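Predicted structure and sequence below. I'll ask about it afterward.
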Amino acid sequence: MSQEPSSPADPNDAANAQDFRWMEQIKAGDSEALRELIEAHQHRIIGTVAKMLGDQGDAEDIAQQVFVRVWKSAARYEPTAKFTTWLFKITRNLVFNELRRRKRHPTRSLDAPRSGDDDDRPLQYEDNSVKAPDTAMLDNEMQTAIQRAIDALPETQRMAIILRRYDDVSYEEIGEILDLSVPAVKSVLFRARTELREKLQQYLSA
């Protein structure tokens, strides 16, 4: 009867089992379970969407839509894969829809933030020290360059590189999220990394 994974020693399995329990409660209409599930995953989803779209404001709106979909789809949810795989597939669909909408209506504010400065999973390397102004300026310049390079990637490459680099998602799970085989995922990541290296060459060689 239990839907928990068979290897409780794996912390990912324990987290997945908790997600399954929350979804069972949400199916029964438990809004408190939904709140707990959102608290557990919203930061990761907002961070991923912010990197995909290049700004924080829209990321919060899209993340809210993701969890609305979770609530509405709970009755049909079956734990046939990791919960996060299903969650990222919903995220992928909404983000890709937003990217296509932007292509049709390319009117974005020029002063919209380029990177998620408020994101606890930022693009820059973690540094707990206080930086000199020149160092901070260089870091900000590199963050902006990285985000612009990511923005220029095709949407599938962009999603794959973000999931792999910043969310540490396995090749297999990325394949499920993007509907690709593992060899195709590796090929997509290779092309994305090659393009990013070319665009960021001046920083890599400094």
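Everything's here; your move. Numbering: from 1, shown residues only.

all contacts plus neighbour counts: C-alpha atoms, from now on.
Fine.

Which segments of the chain make up each domain?
Using automatic domain parsing, the domain ranges for the chain come out as 1-111, 132-206.

Could you export those as JSON lines, including mean pLDDT and mean neighbour count?
Output for the domains of the chain, formatted as JSON lines (pLDDT from 0 to 100; neighbours: other C-alpha atoms under 10 Å):
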{"stretch": "domain 1-111", "mean pLDDT": "86", "mean neighbour count": "16"}
{"stretch": "domain 132-206", "mean pLDDT": "88", "mean neighbour count": "16"}
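
phi, psi of residue 153?
As for residue 153, its main-chain torsions (degrees, to the nearest 10) stand at phi -70, psi 150.

I figured it hits residue 192, correct?
Yes. The pair residue 153 / residue 192 is scored as a contact, 6.9 Å apart, by C-alpha atoms under 8 Å.

What's the separation between residue 167 and residue 76?
According to C-alpha to C-alpha, to the nearest Å, residue 167 and residue 76 sit 26 Å apart.

actually residue 144, sorry about that
Per C-alpha to C-alpha, residue 144 is found 41 Å from residue 76.

Ok, residue 89 next?
Applying C-alpha to C-alpha to residue 89 and residue 76 gives a distance of 15 Å.

Find the residue at the geometric middle of this protein.
Nearest to the mean C-alpha position of the chain, counting by C-alpha atoms, centre = their mean, stands residue 48 at 2.4 Å.

For the helix or strand containing that residue, give me every contacting residue.
Element membership of residue 48 [criterion: DSSP states H and E] is helix 31-53. Contact partners of helix 31-53, identified using C-alpha atoms under 8 Å, 6 or more residues apart in numbering, comprise 19, 22-23, 25-26, 56-60, 62-63, 67, 71, 88, 91, 95, 99, 115-116, 119-122, 147, 150-151, 158-159, 162-163, 166-167.

Cross the residues you listed against strands and list the overlap.
With strands taken from DSSP state E, there is no overlap with those.
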